[in-house]
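*Asks:* Here is the input, now give the coordinates:
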Amino acid sequence: MSVHALHKMKASEDSAPRLDVVPNLVRDLGGITHLLTCGSVDDGKSTLIGRLLWDASDLYEDQRETVRRSGRKAAGTDLPDFSMLLDGLVAEREQGITIDIAWKYFDTSTRRFVIIDSPGHEQYTRNMASGASHADVAIVLVDARSGVKKQTKRHTAILDLVGVKHVVLAVNKMDLVNWSEDVFRKIEADFRTLCWKFNFWDATAIPLSAVFGDNVTNPSTNMAWYTGPTLIQHLEKTPSRVSEAGSVFRFPVQTVLRDGQDFRGLAGTVTSGSIKVGDVVVDTLSNANGKVVRIATMSGDLDSASAGQAVALQLDVDIDVSRGAVLSVPDARPTAAQTIEARFVWLSEKAFSLTDGYLLRTSTDLIPISAIEIKALLDLETMASRPARACTANDIAIIKISLGRAAAIDVFSEIPETGTLLIVDSVTGATVAGGVATSVDSRAEAAPEGHFVLKRDMLANGLNRDLSMSSKDREEFMRRANEVAILLRAAGVAVAIEPPPPVDDGMDPGL
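*Replies:* Now for the predicted structure:
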């Protein structure tokens, strides 16, 4: 495999922002944990993270001195304003709020943390949802004086929606309620009632004061009644998503690599499970399959690869797949979905419109949507679903989607890595909603009135008449078909693409 091909594979990875680390250091620290902070405005997110950085990380002395000399003090105290370590945007410094996602890094004796500080204002919920999609654990902050708010409920619902399983309720500013155990227990009870409605694996409440550092990294002497772990102690015991990745193999193909000679590798990142040399993999949509004969990486060949590893799989046969395909093992495939139901958080300022054209984006694929319907919205007061036909910014909606062609999708609760979805505006390319698949069906629903089917014969005799049956031209055939479907959908025409004929690969169709 050529160096050029390997570098191309590395550059093609669609990954979240991550820290470039030395492997041995990561192994010594016990891995990396992505930590999200969220909550309402003025609950103290930036101060809390600043305090963590000040107490638990190896900040350079000049950074500490800058904070000391700034003259900025935490409200009502003579202590430094620790939020200065996090507020990076000029607009944030001027307004005293967090607008965009801020990323910070620090190491403890056992763990490396990537901190994702998200905005609290309701109009920036889309930023919070984006940050939550990368998080292993979330800290939901509340002010001890006000407890659980509507925005707290919205953030908690989004954490559940994007698959965060470990949640910490940080009851901040306990110093302003005289370190009252009664106040904390009431908020803790409200939070537990809220969490019963979601699918968190653990939800822990910790009373603290970010300004004074109580129960952040050191046990509080002001709250002797609390005998649980400090915040940092709890976080160091929380596993990452990678360590909890499912056992079912999924491999979204990101690109196909060739070295100009005899190497053809299907490159991507193993999102779930593991694969080893000698295993058979199959593409759900085409039924094409092959045996893995080589697992190549930038550092050399491997005998096996597991979740989180970026590799190129060489098969014993050249199967006709490209970017967008999802490889699996034959007896545990994703669904070749034509109809899905999903929960989305609507991110766009522009409300949902039946006349707008939308596309569905999966981990590596972009599919025309032929029909889309809002079924219900989540009521943030009662946390129950209520029937609805429209949604606007920050709404959490249940949406039914009919696809213009089949796509490999899993139910999110079973395999999160291939059950995450985005709705994209077909004209601007902007993401309008993000969510997760709750049910998938390989059967297409009856075409509604005005539904237009792009038939393969129609395309072959017209737009694609210059193409042959080669693997490369078949990819171009589908690319052009998708482009036509996107244009028609943008014009308000419900459109579907006739599926390609199945590949006759000799494989038992019962597998």
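*Asks:* Who does residue 289 form a beta bridge with?
*Replies:* residue 282 (DSSP bridges).
*Asks:* Ignore what I typed, I meant residue 359.
*Replies:* Beta-bridge partners of residue 359, as defined by DSSP bridges: residue 368, residue 424.
*Asks:* what's near enough to touch it?
*Replies:* 366-369, 423-426, 486, 489 (CB atoms under 8 Å, 6 or more residues apart in numbering). To be clear about C-beta, it is placed using only N, CA and C from the backbone, and glycine gets the same treatment.
*Asks:* just checking, what packs against the helix or strand hosting residue 373?
*Replies:* Taking DSSP states H and E as the definition, residue 373 sits inside strand 366-378. In terms of contacts (3 or more CB pairs under 8 Å, 6 or more residues apart in numbering; DSSP states H and E), strand 366-378 is packed against strand 358-361, strand 385-387, strand 396-409, strand 420-425, helix 471-490, strand 495-497.
*Asks:* So which residues of the stretch 101-250 of the chain form strands?
*Replies:* Counting by DSSP state E, counting those that start in this stretch, the stretch 101-250 of the chain has strands at residues 102-107, 112-117, 137-143, 166-172, 202-207.
*Asks:* rank those by pLDDT, which is bottom?
*Replies:* When those are compared by mean pLDDT, strand 102-107 comes last with a mean of 69.
*Asks:* What's the separation between residue 493 and residue 482?
*Replies:* 15 Å (CB to CB, to the nearest Å).
*Asks:* Equivalent analysis for residue 385, please.
*Replies:* Spatial separation of residue 385 from residue 482 under the definition CB to CB is 33 Å.
*Asks:* More neighbours: those two, which one.
*Replies:* residue 482 (20 against 15; other CB atoms under 10 Å).
*Asks:* residues in contact with the nearest residue to that one once chain neighbours are set aside?
*Replies:* Sequence neighbours aside, residue 368 is the residue nearest to residue 482 in space, at 6.6 Å (criterion: CB to CB, 6 or more residues apart in numbering). Taking CB under 8 Å, 6+ apart as the contact definition, residue 368 lies against 359-360, 403-405, 426, 482, 485-486, 488-489, 495-497.
*Asks:* Quick check: which ranges of the stretch 301-450 of the chain have low pLDDT?
*Replies:* For the stretch 301-450 of the chain, residues meeting the criterion pLDDT under 70 lie at 445-450.
*Asks:* care to break the chain down by domain?
*Replies:* If the domains of the chain are taken from automatic domain parsing, they occupy 3-12+245-328, 32-239, 335-497, with pieces of a single domain joined by a plus sign.
*Asks:* number of nearby residues for residue 315?
*Replies:* Counted by other CB under 10 Å, the residues lying close to residue 315 total 20.
*Asks:* ditto for residue 188
*Replies:* Residue 188: 20 surrounding residues under other CB under 10 Å.
*Asks:* these two touch, right, it and residue 205?
*Replies:* Yes: applying CB atoms under 8 Å, one finds residue 188 in contact with residue 205, separated by 4.1 Å.
*Asks:* which neighbours do those two share?
*Replies:* In terms of CB under 8 Å, 6+ apart, residue 188 and residue 205 are both contacted by the residues 169, 171.
*Asks:* all helices of this structure, in order?
*Replies:* Listed in chain order, the helices of the chain (DSSP state H) span 3-11, 23-29, 45-56, 61-69, 90-95, 125-132, 150-161, 181-195, 231-236, 456-460, 471-490.
*Asks:* Now do the second one, average pLDDT.
*Replies:* Taken as a whole, helix 23-29 has an average pLDDT of 38.
*Asks:* Show me how to select, in ChimeraX, the buried members of the contacts of residue 359.
*Replies:* The following ChimeraX line selects those of the contacts of residue 359 that are buried, judged by 16 or more other CB atoms under 10 Å:
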select :366,367,368,369,423,424,425,426,486,489
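*Asks:* Pick out whichever of the contacts of residue 359 sits closest to residue 155.
*Replies:* Distance to residue 155 across the contacts of residue 359 (CB to CB) is lowest for residue 423, with 20.7 Å.
*Asks:* For the closest one, give me its contacts.
*Replies:* 344, 358-361, 369, 372, 399, 431-435.
*Asks:* again, only using 10 Å
*Replies:* Contact criterion CB atoms under 10 Å, 6 or more residues apart in numbering gives 342, 344, 346-348, 352, 358-361, 369, 372, 399, 401, 431-435 as the residues in contact with residue 423.
*Asks:* neighbours around the nearest residue to residue 497 once chain neighbours are set aside, how many?
*Replies:* Distances taken as CB to CB, 6+ apart put residue 405 closest to residue 497, at 4.3 Å, once the chain neighbours are dropped. Applying the criterion other CB under 10 Å, we find 23 residues in the vicinity of residue 405.
*Asks:* Residue 405 is in contact with residue 489, isn't it?
*Replies:* No: if you go by CB atoms under 10 Å, residue 405 and residue 489 don't touch, sitting 12.0 Å apart.
*Asks:* residues shared between the contacts of those two?
*Replies:* Common contacts of residue 405 and residue 489 (CB under 10 Å, 6+ apart): 368, 370, 495.
*Asks:* Export the residues you listed to CSV and append columns for distance to residue 256.
*Replies:* Below are those laid out as CSV (distance: CB to CB, whole Å):
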residue, distance to residue 256
368, 23
370, 28
495, 27
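*Asks:* Tell me the one of those nearest residue 137?
*Replies:* Using CB to CB, residue 368 comes nearest to residue 137 of the shared contacts of residue 405 and residue 489, at 36.5 Å.
*Asks:* and that closest one, how far is that from residue 168?
*Replies:* The value you get for residue 368 to residue 168, if CB to CB is used, is 41 Å.
*Asks:* before we move on, what about residue 137?
*Replies:* The span separating residue 137 from residue 168 equals 7 Å under the rule CB to CB.
*Asks:* what is in contact with those two at once?
*Replies:* Common contact partners of residue 137 and residue 168 (CB under 10 Å, 6+ apart): 35, 202, 204, 234-235, 238.
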